[in-house]
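Trainee: sequence and predicted structure, then a few things I'm wondering about:
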Amino acid sequence: MSRTRPFDSLRSLGAGPSTRCARPGQGARLAGLLSVLALVGLGAACRQDMHQAPRYDPLEKSDFFADSRAARPLVEGTVARGFLREDAALYTGKGPSGQLLDTIPVPVDRALLERGQDRYNVYCAPCHGATGDGNGMIVQRGFKQPTSYHTDRLRTQPVGYFYDVITNGFGAMQDYSAQVAPRDRWAIAAYLRALQLSRHASVNDVPADARGALDAGAAPGGASTHE
Ligand code: HEC
């Protein structure tokens, strides 16, 4: 890997092993050459120093630490900036005793649902389908078919279950914690609930003052009273 190749430069100057015998008068030239070589040698030594800098390379072995690891674990209690995550419910989807939450720990409004719809269509619909039936395009191309969100078992799950599956995965499904930030996971969970309600709501789920709009056949979302 060394960039200094003393013998190459020697050859190019005509002093390599193939050179004919040095004639008188060439002595001075040879001496000059040798001093150039000495300088090159010095240069190489400096480079060597820089290659072997007195610091650890990533994951290098250490003779100093008892566990031989140069990469040190974080001191206990260290929190990286932006990762305090004091609100355990928000970040785990679970209550203090580890039970799955059955309420969404962020305000649920139209903006959250629209965000959830947007993220769902990007990250979930390819398998679960746009309506949650479980026959998205990837499934049609042969991936394992997930259970429909509209089954009783999934309709009666606490909403924290969906947050948990997005965070930790489920069986053949990988987790989406790297792609979907915690707040967006709740947005998706809220949208899943909306998908489920779209097939299992009764007129009693509609606020009394909006039922008239249903009777009038207004398109979903057409009533502006709840925005
Ligand atoms: C690559 C395909 C794929 C994508 C994308 C995907 N899933 Fe899944 N999902 C599955 C499969 C397959 C299962 C069933 C896994 C099994 O039973 O082994 C599943 C299971 C689930 C379950 C559990 C259902 C049960 O039976 O209890 C939930 C909830 C779920 N997915 C939600 C989501 C959400 C939310 C997203 C988007 C963030 C998502 N999935 C993205 C394929 C996918």
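Mentor: Noted; the coordinates are in hand.
Trainee: ok, now how distant is whichever residue of the chain sits closest to the ligand from Arg183?
Mentor: Going by C-beta to the nearest ligand atom, the ligand is nearest to Gly171 of the chain, at 2.1 Å. To be clear about C-beta, it is placed using only N, CA and C from the backbone, and glycine gets the same treatment. Gly171 is 25 Å from Arg183, where distance means C-beta to C-beta, to the nearest Å.
Trainee: one more: Ile166?
Mentor: Taken as C-beta to C-beta, the span from Ile166 to Arg183 is 12 Å.
Trainee: between the two, tell me which one has more neighbours.
Mentor: Neighbour totals were compared for Ile166 and Arg183, and Ile166 leads with 26 against 13 (other C-beta atoms under 10 Å).
Trainee: quick one: the more buried one and Asp175 touch, right?
Mentor: Yes: if you go by C-beta atoms under 8 Å, Ile166 and Asp175 touch, sitting 6.9 Å apart.
Trainee: about what we covered before: now for the residue of the chain closest to the ligand, how many residues are close by?
Mentor: Gly171, neighbours per other C-beta under 10 Å, totals 8.
Trainee: next one, pLDDT for it please.
Mentor: Note on Gly171: pLDDT of 97.
Trainee: got the phi and psi for it?
Mentor: Here is the backbone geometry of Gly171 (degrees, to the nearest 10): phi 50, psi -120.
Trainee: same deal with Pro207?
Mentor: Torsion angles, degrees, to the nearest 10, at Pro207: phi -50, psi 140.
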